[in-house]
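Engineer: how would this look folded up:
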Amino acid sequence: HTYFMKKKKMKKTILIITTIVYILLITIHKSKANNEALKTPIIFVHGLGGDAGNWNIMVERIKKENPGLKTYQAKYYENTKSILSKINDQLVVLAAEIEEAKTKLGIKEHNLVCHSMGGLLCRAYLMAYGNHTVNRYISLAGVHAGQFGLTGQVEKYAPAILTNLARENIYRFIYKAPIQDHFSVAGFWKDPLINHTTIYKEECDFLPIYNGDKQHANAAAYKKNFLKLKKVVFNGCKTDEILEPPLTAVFSYYAPTDAVSKLTVTDYTHHDIYNKDVFGLKTMLEDKRASMNVIDVCGHTEWLFREDLYTNYVRPYLN
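Structural biologist: Residues are numbered from 1 along each chain as shown. So this is what the prediction gives:
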């Protein structure tokens, strides 16, 4: 009896020591990454209702650590214009601005750090534009799996015809061409109700293309283009007050159901975007070229200025 007790205690001790060593190694790795000077230029892309100035605090922090590092803060469709415009048009303008920025800075390769809707737009850019020269892509609170709820500024500027409807009835209007053409959220509004799936796939003209919900001739090329990346990072937070559901940022989304009252969020492993490896997420996770981080408490815009979020979930991945 004494022998087995000692053996059990020894196993527990070994487990504790192993855990401590693992934590120390991770800490050392992050510290080393954070101490290495950044060399690759960075282009920052704002989110819905945002503007280039949203990045000022983070850029100032990076510049202080890395004097001389070239950076650019995208100015495409700023403020309410980003809400009241077709998302497909924003992608075209963003792609052109990235090329202009590269010329202006005199660079070729660069990294992308993107927030909110900008995270989704950047992923679409990396898929659709095979001439991209991005090494590392970091998404902060990106609306990747879709949105099913009008929150914050979105609700403030949404057409009245939508805000006066319950979620289960918004599909009657949000997929109509006039709304798709003049309200960016309509392009990534993914209704999880089973009897609304067909209209989403047929009439929503952005998200179904980039999330594999609609077949198209460029699917293989889009995946190939994305897989050119050396590293991708998807960061999200459980208490995000703008994204609906909050962890759409890491591809968690509502499971198909027949009623809003039955909505249940399932993680990325339950969805085709991962299981069918639509744009290479599964491949990159298996290759350890992709990271997905979820934190417990954070506001949607805090990714832009909180030092701890930058130190732990942005800075280590830029080298």
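Engineer: pLDDT weak spots in the stretch 1-150 of the chain?
Structural biologist: 1-35 (pLDDT under 70).
Engineer: let me know the secondary structure of the nearest residue to Glu307 once chain neighbours are set aside.
Structural biologist: Distance criterion Cβ to Cβ, 6 or more residues apart in numbering; nearest residue to Glu307, sequence neighbours excluded, is Arg61 at 7.2 Å. Where C-beta positions appear, they are placed from N, C-alpha and C, glycine not excepted. Put simply, Arg61 is helix when judged by DSSP: H, G, I helix; E, B strand; the rest coil.
Engineer: burial count for Arg61?
Structural biologist: Residues near Arg61, counting by other Cβ atoms under 10 Å, number 16.
Engineer: next: Met284.
Structural biologist: 19.
Engineer: swap in Ile194?
Structural biologist: Per other Cβ under 10 Å, the neighbour tally for Ile194 reads 11.
Engineer: wait, isn't it in contact with Pro256?
Structural biologist: Yes. Look at Ile194 against Pro256 with Cβ atoms under 8 Å: they come within range, at 5.1 Å.
Engineer: those helices in the stretch 101-250 of the chain, which residues are they?
Structural biologist: 117-128, 152-157, 160-163, 171-174, 177-182, 197-203, 207-210, 219-226 (DSSP state H, counting those that start in this stretch).
Engineer: which elements pack onto the longest one?
Structural biologist: Okay, so that is helix 117-128. When contacts are defined as 3 or more Cβ pairs under 8 Å, 6 or more residues apart in numbering; DSSP states H and E, helix 117-128 sits against strand 42-45, helix 87-105, strand 110-115, strand 134-140, helix 207-210, helix 219-226.
Engineer: now tell me what touches the last one from outside.
Structural biologist: With contact meaning Cβ atoms under 8 Å, 6 or more residues apart in numbering, helix 219-226 is reached by 123, 126-130, 132, 210, 212, 232, 277-280.
Engineer: against Phe305, how distant is Tyr72?
Structural biologist: Using Cβ to Cβ, to the nearest Å, one gets 19 Å for the distance from Tyr72 to Phe305.
Engineer: of these two, who's got more company?
Structural biologist: Applying other Cβ under 10 Å to Tyr72 and Phe305 shows that Tyr72 carries more neighbours, namely 22 against 15.
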